[in-house]
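S.K.: predicted model follows, preceded by the sequence.
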Amino acid sequence: MNLSPIGLALSTAKRSTCTCASMKTGGDSLIPGSFDYVTAKNVPEAIALLQQYGDDAKILAGGHSLIPILRYRLASPAVLIDINRINSLEYIQETDGTLHIGALTREAELDSSPLIRERYPILHDTARNIADPVVRNWATVGGNLAHADPANDHPATMLALGALLVAQGPGGERFIAVDEFFGDSPFETALQPGELLTEIRVPAPSERSGGAYFKLERKVGDYAIAGVAAYVNLDASGNVTYVGIGLTNVGPAPIKARDAEQSLLGKPLDENTIRRAADLAEAASRPTSDTRGPAEYKRAMVHTLCTRALRKAGERARGGA
Amino acid sequence: MSKHTISVKINGTTYEGTVEARTLLVHWLRDDLHLTGTHIGCDTTSCGACTILVDGKATKSCTMFAVQADGRELMTVEGLEQGGKLHPLQEGFHECHALQCGYCTPGMMMTGLALLRSNPNPGEEEIRVGISGNLCRCTGYVNIVKAIKYAAEKMRETQQTPVATGEGGGD
Amino acid sequence: MATEARHVHGLGEAYKRKEDARFIRGQGNYVDDVHLPGMLYGDIVRSPYAHALIKHIDISEALKVPGVLAVITGKDLDAAGLAWMPTLSNDTEAVLALDRVHYQMQEVAFVVATSRYAAADGVAAVEVDYEPLPVLVNPKKALDPDAPLLRPDKKDRQPTNHIYHWETGDRAGTDAAFAEAEANGIVVSQDMYVPRIHPAPIETCGCVADYHAATGKLTVWMTSQAPHAHRTLFAIVAGLPEHRIRIISPDVGGGFGNKVPIYPGYVCAVVASITTGKPVKWIEDRTENLSSTGFGRDYHIHAEIASDKDGNVKALRVHTLADHGAFDAAAQPTKFPAGLFHICTGSYDFKKAFVEVDAVHTNKAPGGIAYRCSFRVTEASYLIERTMDTLAHRLGKDPAELRMQNFIKPEAFPYRSALDWTYDSGNYEAALKLAMKNVDYEGLRREQAEKRVRGELMGIGISSFTEIVGAGPGKHFDIAGIQMFDSCEVRVHPTGKVLARIGVQTQGQGHETTFAQIIAAELGMSPDDVDVEHGDTDTAPYGLGTYASRSTPVAGAATALAARKVRDKAKKIASYLLEVGEEDLEWEPGRFYVKGSPDKGKTIQELAFAAYTNCPPYLEPGLEAVNYYDPPNLTYPFGSYICIVDIDRGTGQVHIRRFMAVDDCGTIINPMVVEGQIHGGLTQGLAPAMYEELAYDENGNVLSGSFQDYLIPTSMETPSWELDRTITPSPHHPIGAKGVGESPTVGAPQGIVNAVVDALAHTGVRHIDMPLTPWKVWQVLKEKGLATD
């Protein structure tokens, strides 16, 4: 597991919601410290630059997590590598039973894509709940995953979908299963130094599959109080042949609720099995109390949201909207 | 600390400047170019008062560095009025009393413009979702929704009416 | 000269706003838009600790930062006697901390640099050594014997953290009424916390201070709601001659009370400009704004109502613990340390009442009165509307019925309350009846009953508030000693156009339009021909500014009266030109004419021209007038709001299904502007009820110091407000207008809280403190066995 320089800085900084960022002097000016800036025109160039600058550098994609961090001086990379011009990384395509999402795809694209709305509503649920519509014009799917903030929304959904992440680096292309991508601590991923996340792959829906993402927030635009993504495949008798359940912002890292998933395999999706799964999802969550609510409430909300997500996933699997 | 020379088209005019990498786009616009119509209302990324269009996309200009805008086309509130004629959004905000102190207004209108370009006939709920990244303390949003609806209708009318080329709905 | 009849847009017309022209073009001139040659930038070093001694400040590294010119500390200010400044509440506050800091984010040093970015780098390079001290954040512990003494600087006159005790009313009579009710009637009590919140206008506070040594003139562009008062205070505090101070409040991006106090940043910028000889700009960022500038509320209230067995209220008794933070910098008239809190008998006919307030210091930001509160009327209205509901539930009576039964009757006005306010006019029954009719109240109660059977939680909340605004009569109301009159100067040019200047200061309320309408109505001309200026103390007549909804009641009156003086002089000129006595003249909008010979007349434009070209020899030439208005009384807008909510039993989320607001602000100048004010005010009433709180942890860390955590409602949280009105003019106001800006923030929160409590009342719930977060509501659901998925 690797903690990026940003991750290290953030983990050790006072990461409460007190935004009095600099404990040395107090008070924020919201002006970043100085850094150097380079742009990459393509993926090989980005990788070369990452190798060149090593730990001193940070990838600038959408920037709507990174730039606020820099403005609060919570981290100070020496170099930013801007990858926003690599248009070849922005795409949403379904081919050969797989949905391919370029890492630089903006959340607004996912939100408005007819393909996503129709065939991957769980991704639509997720994208449209990230931040606000203006931020979504720039925020990227890849960034949401690679930044690995446990409060980010895509990790839970990708865990539920069983996504495959594609990275490019000095050693070439690498495939990382999403449930091996996140570490146990915030901002920790399996990306190696010099590696860039380039694509996310999701299996195309089968005849009886469906998913949903439910996010509870204090107001629109906020991070989740708690979020639950659930995705199921049912067989012809209505029994669960695949299930993925991911939890947002109720632990130090995104959580895959394995016991909850296990409890549903081979069973029908009914109120009893759903309740049991929700119990187990709740038990898997480890939230802390903060300005988004007491831990007890967040755990209970995992239960409520898991119930609602599974019900919705079942409805969608059976052909509903 | 790197300095960069950038060339950016803003409201149809090309501006050049030399900026530090860390110079935020909103500061470059306001302090260097004196385009002070775009405002700052929060620490970062929350209030939307700084919203402009970058290559047609609504963008919180406090969450972008000026260097990132190099070679791009920007539109700010100063670019809405064309040839002495108010944009339907400006007209709508005035007719519907969608502004009081005026501070959130430029950002709100730019978001409204981007919204209407992608959805020319939005309902109330769609408008409310569309402006949910822009905060207002004065109006309670009711009249802002009305103003955007007013502008949508005006823009659709202009599209439908055969006009001389170059009119394009006031865009 | 124009003689054709023109449609006069006077009172009651939805005239489109004149100020819009610049705002929709992005051509507003806000303080941060001001750019002067050679301008420097200031930025503030702030304490990360809530309570600490300052051992040492090292500015040496900061001075090495390219672009940094100077770093001012408390010691530098102390040499000029400026390290401390008076507050509006008879306290003093630090400009820059000397030996200790009293709250997190308190100002410690001021960096002056050639650019915004250099100033920020300078701030980051200043090193301060602190020795933390024990922190006091719980006001209930402020008077414990082992509580740290937070203000050793004034321990001779205030040996504890207790700032003041204030009381009003008839204690003995009230206690007797309660004794009687304990024996033969009903007594209910309610504890309520009204949390600390912040006005958070989208534009933060700031200034550009520009001192010219050669002329000795100081010009300060400033986010100010009260430029003249600020000028006088600068003169007194800084010892500068007042005629050489010019405060310009240009366009202000929202005030809501945030821009009434004088903040250390302003003083430091002025000092920096005097020291460097250059203009110095200081603009705070959002965290600074939320964490250090004037907050609102923070009242811990214990309220009791005594009534007879049928629910006729007899007496009200209130005790409040007020948390003012480290310095009492509350902005209110000096004779009223708790503002107008004693309006808390509200719309009801209490025979006896007694109110007492004890104020204490804590290690939090200074202040107390702000956020569209009419000087604590938000707190007052909240307590009475909540406690009346508690009484209704105790009696098993419908809350609307209990209110109707106890309303002050229309024939009782002017009404002298048990706490000595004389309400000018009101018709509370009419407003509540209209609101109930609009929502089909009976139908809603039936629906609620049906839903209860099915386990669905629906609530209906009522708030029937009485406001008190228009401060105020000079013998009782002053800000820092200056009586709270207001003013208008009207000057008519030879070609009949009008330039008016007023002593109040809009921050979005639309004065350039509404005050033009007042003059237009009096003189019978188009508001297009009347331009209204404000905010420049070199030219505007002295006024006390805009806050507490006082502009229309006070400056609006001055405006009408000044315009009438102009019209009176015009009449004299008409009498001269038409060669008749004044008693033979009639007025119609825009024109005087001879009684019986209507075509023999002169328009106001002709009379204006004559004032300069053919003036009666016994009159001064010119056509202008000024009025300084000392109001005879305050005004009392009122209303009834009904809120309908549905509660999600799985999450505790409250969904506002409908909100009906019936307001009465007397004569309406511009209904479009009034509606806009109400929409905005309701949204700022919703916000504290459900979202906003300036929270601190036990170490005095600000937990909601940015918009990430200080939750301003977006378009998605805000309902589609429904409005209606009744009109009950003020009998003492020249045009019968009362003011409206704060009625909705005063009336709305308890409507929402009452609705949520009402949804749960059948389970015994009597109160939930604001903000009604989902987890708070869910906790109640869980306790009552109502939580589901």
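M.R.: Here it is on my side, so go on.
S.K.: CA only for contacts and neighbour counts going forward, please
M.R.: Noted.
S.K.: does any part of the longest helix along chain B sit near chain A?
M.R.: Counting residues, the longest helix in chain B under DSSP state H turns out to be helix B:142-160. No. Against chain A, helix B:142-160 shows no contacts by Cα under 8 Å from any Cα of the partner chain, the least distance being 15.8 Å.
S.K.: ok, that helix near chain C or not?
M.R.: Yes. Counting by Cα under 8 Å from any Cα, contacts between helix B:142-160 and chain C involve B:142, B:143.
S.K.: contact residues of chain A facing chain B?
M.R.: So chain A meets chain B at A:30, A:32-37, A:63-64, A:67-68, A:71, A:82, A:132-135, A:137-138, A:220-221 (Cα under 8 Å from any Cα).
S.K.: sort out for me which of these are in helices.
M.R.: Going by DSSP H, the helices hold A:67, A:68, A:71, A:133, A:134, A:135 from the residues of chain A next to chain B.
S.K.: in JSON lines: those residues, plus neighbour count.
M.R.: Shown next, in JSON lines, are these (neighbours: other Cα atoms under 10 Å in any protein chain shown):
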{"residue": "A:67", "neighbour count": "23"}
{"residue": "A:68", "neighbour count": "21"}
{"residue": "A:71", "neighbour count": "23"}
{"residue": "A:133", "neighbour count": "26"}
{"residue": "A:134", "neighbour count": "26"}
{"residue": "A:135", "neighbour count": "26"}
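S.K.: can you pick out the most distant pair from those residues?
M.R.: A:71 and A:133 (21.4 Å; Cα to Cα).
S.K.: what about residue C:129, which SS state?
M.R.: strand (DSSP: H, G, I helix; E, B strand; the rest coil).
S.K.: which ones are touching it?
M.R.: For residue C:129, the contacting residues are C:54, C:55, C:56, C:57, by Cα atoms under 8 Å, 6 or more residues apart in numbering or on different chains.
S.K.: nearest residue to residue A:258 other than its sequence neighbours?
M.R.: residue A:245 (7.5 Å; Cα to Cα, 6 or more residues apart in numbering or on different chains).
S.K.: who's that neighbour bridged to?
M.R.: The partner list for residue A:245 in beta bridges (DSSP bridges) reads residue A:230.
S.K.: mind checking pLDDT for it?
M.R.: You'll see residue A:245 listed with a pLDDT of 98.
S.K.: quick one: the strands in the stretch 251-400 of chain C?
M.R.: C:280-283, C:295-296, C:299-307, C:313-323, C:352-360, C:367-368 (DSSP state E, counting those that start in this stretch).
S.K.: now residue C:678, nearest residue through space, not along the chain?
M.R.: residue C:744 (5.8 Å).
S.K.: helix or strand right after the strand or helix carrying the one you found?
M.R.: Using DSSP states H and E, residue C:744 sits in helix C:743-760. Downstream of helix C:743-760, the first helix or strand assigned by DSSP H and E is helix C:774-783.
S.K.: for that following helix, packing partners?
M.R.: Judged by 3 or more Cα pairs under 8 Å, 6 or more residues apart in numbering or on different chains; DSSP states H and E, helix C:774-783 is in contact with helix A:295-317.
S.K.: quick one: buried residues of the helix it packs on?
M.R.: A:295, A:297-317 (16 or more other Cα atoms under 10 Å in any protein chain shown).
S.K.: what does stretch C:217-224 give?
M.R.: Of all the residues in stretch C:217-224, those buried under the rule 16+ other Cα under 10 Å are C:217, C:218, C:219, C:220, C:221, C:222, C:223, C:224.
S.K.: what of stretch A:176-183?
M.R.: Within stretch A:176-183, the residues scored as buried using 16+ other Cα under 10 Å are A:176, A:177, A:178, A:179, A:181, A:182, A:183.
S.K.: also stretch C:133-153?
M.R.: C:133, C:135, C:136, C:137, C:138, C:139, C:142, C:148, C:149, C:150, C:151.
S.K.: over to stretch C:679-689?
M.R.: C:679, C:680, C:681, C:682, C:683, C:684, C:685, C:686, C:687, C:688, C:689.
S.K.: do it and chain B come into contact?
M.R.: Yes. Against chain B, stretch C:679-689 shows contacts by Cα under 8 Å from any Cα at C:679, C:680, C:681, C:682, C:683, C:684.
S.K.: before we move on, the earlier item: show me the contacts for the residue nearest to residue C:678.
M.R.: Counted by Cα under 8 Å, 6+ apart, residue C:744 has contacts C:678, C:679, C:681, C:682, C:684, C:685.
S.K.: switch the cut-off to 7 Å
M.R.: For residue C:744, the contacting residues are C:678, C:681, C:682, C:685, by Cα atoms under 7 Å, 6 or more residues apart in numbering or on different chains.
S.K.: relative to chain A, which of those is nearest.
M.R.: residue C:685 (15.9 Å; Cα to the nearest Cα).
S.K.: next, the contact list for the nearest residue to residue C:36 once chain neighbours are set aside, please.
M.R.: Nearest non-adjacent residue to residue C:36, counting by Cα to Cα, 6+ apart: residue C:279, 6.9 Å away. When contacts are counted by Cα under 7 Å, 6+ apart, residue C:279 touches C:36, C:38, C:39, C:40, C:208, C:209, C:210, C:211, C:273.
S.K.: isn't there a strand covering the first one?
M.R.: Read it as residue C:36. No. Per three-state DSSP, residue C:36 lies outside any strand segment and is coil.
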